[in-house]
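> Generate a structure from the sequence data that follows.
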Amino acid sequence: MNNGKKSSTAKTVNTEKCVEEFQVTDHFKKMMAKALKAQMIILKKRAKMLKIENWGSNENKNFWKYLV
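Predicted structure coming up:
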């Protein structure tokens, strides 16, 4: 069914699969523990900063201006 036209042919290429041995470690857990500790320090600072008692008059005015 080529109707006089030439058609191209494809060659299949066999590739070798490479399998590497790897070791499962708990480095992720250690990294996440450090990140959580640092995150909690920042969150405690932010909580202290965001207490209404720690706001100045400008922050209080801005809060109520945008709230209403």
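> got the contact list for the helix or strand of the chain with the lowest mean pLDDT?
Ranked by mean pLDDT, DSSP states H and E, the weakest helix or strand in the chain is helix 57-67, scoring a mean of 84. Outside helix 57-67, the residues within contact range by C-beta atoms under 8 Å, 6 or more residues apart in numbering are Ile52, Trp55. For every residue, glycine as well, the C-beta is placed using N, CA and C.
> cutoff 10 Å now
Met49, Leu50, Ile52, Trp55, Gly56 (C-beta atoms under 10 Å, 6 or more residues apart in numbering).
> how about these, which pair is most distant?
Leu50 and Gly56 (12.9 Å; C-beta to C-beta).
> Buried residues of the strand or helix carrying Lys30, list them for me.
Element membership for Lys30 (DSSP states H and E) is helix 27-50. Along helix 27-50, no position meets the burial threshold by neighbour count (16 or more other C-beta atoms under 10 Å).
> Please list the outside residues in contact with it.
Asp26, Asn54, Trp55, Glu59.
> one more time with 7 Å, if that's ok
Asn54 (C-beta atoms under 7 Å, 6 or more residues apart in numbering).
> and it with helix 57-67, angle?
For helix 27-50 against helix 57-67, the angle between stretch directions is 100 degrees (axes from the mean of the first three to the mean of the last three C-alpha atoms, to 10 degrees).
> Quick one: low-confidence residue ranges for the chain.
1-4, 10, 12-15, 68 (pLDDT under 70).
> 50 instead?
Counting by pLDDT under 50, the chain shows no low-confidence range.
> that older thread, just the CA coordinates of the helix holding Lys30, formatted as CSV?
The C-alpha trace of helix 27-50 is given here as CSV (Å, rounded to 0.1, in the frame of the first residue of the first chain):
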residue,chain,number,x,y,z
HIS,A,27,19.2,11.5,56.7
PHE,A,28,15.8,12.9,55.8
LYS,A,29,14.5,12.4,59.3
LYS,A,30,17.5,14.3,60.7
MET,A,31,17.1,17.1,58.2
MET,A,32,13.4,17.4,59.0
ALA,A,33,14.0,17.4,62.7
LYS,A,34,16.5,20.4,62.3
ALA,A,35,14.0,22.2,60.0
LEU,A,36,11.2,21.7,62.5
LYS,A,37,13.3,23.0,65.4
ALA,A,38,14.2,26.1,63.4
GLN,A,39,10.6,26.6,62.2
MET,A,40,9.3,26.5,65.8
ILE,A,41,11.8,29.2,66.9
ILE,A,42,10.6,31.5,64.1
LEU,A,43,6.9,30.7,64.9
LYS,A,44,7.5,31.6,68.6
LYS,A,45,9.1,34.9,67.6
ARG,A,46,6.2,35.7,65.3
ALA,A,47,3.6,34.8,67.9
LYS,A,48,5.3,37.1,70.3
MET,A,49,5.4,39.9,67.7
LEU,A,50,1.7,39.4,66.8
